[in-house]
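[1] Sequence first, predicted model second:
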Amino acid sequence: MVARDGKRVTMQHKMARFPVRKDLADFDFNFAKTVDKKQIAELASGAFVGRGENVVLLGPPGVGKTHLAIAIGRAVIERGYTVEFITATALLSGLQAAHRQGRLADRMTHHGKRKLLIIDELGYLPLEREAACLFFALVAQRYEKLSLMITSNHSVSHWGKVFTDDVLATAILDRLLHHSHIIQIRGESYRLREKRKAGLMAPAEAPSGVSAEK
Ligand code: ADP
Ligand code: MG
């Protein structure tokens, strides 16, 4: 890789606004047995972004959804694509504020500049109708041109409740899932596993309230 390309990658990693650094090399596929290493490597090649396809990462808390989303996002940047990482809450509050201030088109243009938009933690809270409509507008804008990667604790069948309105939910899911890779992760939380391991190594100090960690 030439130095100039290295600078571009560093700059794009910053611009993507990942909350922390996570890499595929640090992901333990032996622990996450339901995750297909080959499928993740294929996504990391960035080919899905070239085709404008979407990725949906599903599973309970702590199984590595955000880790994989960041790691794939970083790899995709190394393949020359632009990426933005944002939580669903930040994305929707930003869109709603822009809508009220008459700046929605600018905000949509901003998100539309990135080839891959990673939306983390969709569905923690049900969306109000206005937010669901804005989310639909975003999905429609990107359909078949720009990729979305979404992480969620809820199964796709539950998303109807998240978007409150069934008609809107169907319209969103129709476009989102048309060209998509769904990764369903099962198993226990990696965070709790680490706690348990620590408990084994130091039984006297083993935490009793393991579930206290988020
Ligand atoms: P989720 O987004 O599914 O709630 P995270 O991706 O935030 O979970 O993972 C929780 C923590 O556990 C993070 O620090 C992450 O790096 C780590 N982690 C999760 N799964 C793995 C794994 N299979 N290998 C290595 N670290 C993991
Ligand atoms: Mg997460």
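    Perfect, thanks for sending it. Numbers count the residues shown, from 1 in each chain. Ligands and ions are numbered 1, 2, ... in the order given.
[2] quick one: the helices in this protein?
    Per DSSP state H, the chain carries helices over the ranges 3-16, 37-44, 47-50, 65-78, 88-100, 104-112, 129-142, 159-162, 166-178, 190-201.
[3] Is ligand 2 within reach of the fifth one?
    No: against ligand 2, helix 88-100 shows no contacts by C-beta under 5 Å from the ion, the least distance being 10.7 Å. Using the backbone N, CA and C atoms, a C-beta is placed for each residue, glycine as well.
[4] Not counting its own residues, what contacts that helix?
    Contacts with helix 88-100, where a contact means C-beta atoms under 8 Å, 6 or more residues apart in numbering, come from 86, 104, 106-108, 111, 119-125, 127, 130-131, 134-135, 138, 150.
[5] Check the fourth one too.
    Contacts of helix 65-78 with the rest of the structure, by C-beta under 8 Å, 6+ apart, involve 9, 12-13, 16, 18-24, 26-27, 35, 40, 43-46, 49, 55, 57-59, 83, 85, 115-116, 118, 120-121, 149, 151-152, 183, 185.
[6] Only whichever of the residues you listed are buried, select them in ChimeraX.
    Buried members of these, defined by 16 or more other C-beta atoms under 10 Å, are picked up in ChimeraX with:
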select :9,12,13,16,18,22,24,27,35,40,43,44,46,49,55,57,58,59,83,85,115,116,118,120,121,149,151,152,183,185
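[7] out of the contacts of helix 65-78, which are inside strands?
    Among those, DSSP state E puts 55, 57-58, 83, 85, 116, 118, 120-121, 149, 151-152, 183 in strands.
[8] Please work out how many residues are found near Ala75.
    For Ala75, the neighbour count with other C-beta atoms under 10 Å is 19.
[9] Going forward, the N-terminal residue is numbered 625.
    Renumbered: residue one is now 625, and that last one reads Ala699.
[10] ok, it to Arg724 distance?
    From Ala699 over to Arg724 the distance is 37 Å, taken as C-beta to C-beta, to the nearest Å.
[11] go on, Ile796?
    Computed with C-beta to C-beta, the distance linking Ile796 and Arg724 is 22 Å.
[12] Lys638 too?
    Taking C-beta to C-beta, one finds Lys638 at 29 Å from Arg724.
[13] again, but for Met639
    Counting by C-beta to C-beta, the gap from Met639 to Arg724 is 26 Å.
[14] can you check Ile696 too?
    33 Å.
[15] Pick out whichever of these two has more residues nearby.
    Taking other C-beta under 10 Å, Ile696 and Arg724 do not tie; Ile696 has more neighbours (27 against 10).
[16] pLDDT score assigned to that one?
    What the model reports for Ile696 is a pLDDT of 98.
[17] Then the one 4 residues further on?
    pLDDT, the model's per-residue confidence, is 98 for Val700.
[18] Please apply the same query to Asp652.
    On the pLDDT scale, Asp652 is placed at 96.
[19] can you count the residues close to it?
    Asp652 has 12 neighbours, counted by other C-beta under 10 Å.
[20] what's the distance between it and ligand 2?
    As judged by C-beta to the ion, to the nearest Å, Asp652 and ligand 2 stand 16 Å apart.
[21] Tell me the spatial nearest neighbour of that residue, not counting adjacent residues.
    Distance criterion C-beta to C-beta, 6 or more residues apart in numbering; nearest residue to Asp652, sequence neighbours excluded, is Tyr814 at 7.8 Å.
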